[in-house]
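>>> Okay, here's the prediction I keep looking at, along with the sequence it came from:
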Amino acid sequence: MGTPERAAIARAQDEAQRLIVIVGTCVCALGLLSTVFFISNIKLPDTQSIEENERQAEELADEKRGKTARVVSQL
């Protein structure tokens, strides 16, 4: 369908896009592998929990509220 020039241009675009996808996939795979093998194994501590974080946040909020209440009562 169409002229031979048009078909040649379409085929050239197809081949170029195919190569671009192959190269992009290889780059992503190499990046993933380098990340997996070259980043050190970071060990997370077991000392902190969600409950502890929530308690600390509540204590800070209470301290801020207490300071605010003291300032307002002094006025």
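Nice, I can see it.
>>> For the chain, which segments count as helices?
Under the criterion DSSP state H, the chain contains helices at 4-38, 50-74.
>>> Reformat those into a markdown table and put mean neighbour count and distance to Leu44 next to each item.
In short, each C-beta sits where N, CA and C put it, glycine included. Formatted as a markdown table, these follow (neighbours: other Cβ atoms under 10 Å; distance: least, Cβ to Cβ, whole Å):
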| stretch | mean neighbour count | distance to Leu44 |
| --- | --- | --- |
| helix 4-38 | 10 | 18 |
| helix 50-74 | 9 | 14 |
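>>> Low-confidence bits of this structure, can you list those?
1, 46-48, 67-75 (pLDDT under 70).
>>> change it to 80
Applying pLDDT under 80 to the chain flags residues 1, 40-53, 66-75.
>>> Count the residues that sit near Pro45.
5 (other Cβ atoms under 10 Å).
>>> How about the contacts made by it?
Not one residue lies near Pro45 by Cβ atoms under 8 Å, 6 or more residues apart in numbering.
>>> any idea how far Glu52 is from it?
12 Å (Cβ to Cβ, to the nearest Å).
>>> and what of Arg11?
63 Å.
>>> Cys26 too?
As judged by Cβ to Cβ, Cys26 and Glu52 stand 45 Å apart.
>>> With Arg18 instead?
Counting by Cβ to Cβ - Arg18 and Glu52 are separated by 54 Å.
>>> What of Leu30?
From Leu30 to Glu52 the distance is 40 Å (Cβ to Cβ).
>>> ditto for Gly31
Per Cβ to Cβ, Gly31 is found 36 Å from Glu52.
>>> before we move on, what about Val27?
42 Å.
>>> got it, and Ala10?
Distance of Ala10 to Glu52, computed by Cβ to Cβ: 62 Å.
>>> next one: Leu33
37 Å.
>>> got the phi/psi numbers for Leu44?
Note on Leu44: its backbone torsions stand at phi -90, psi 140 [degrees, to the nearest 10].
>>> count of residues packed around it?
Other residues within reach of Leu44, judged by other Cβ under 10 Å, total 6.
>>> List the residues that contact it.
The contact partners of Leu44, by Cβ under 8 Å, 6+ apart, come to none.
>>> So Glu15 versus Ala8, what's the distance?
Plainly put, Glu15 is 11 Å away from Ala8 if you go by Cβ to Cβ.
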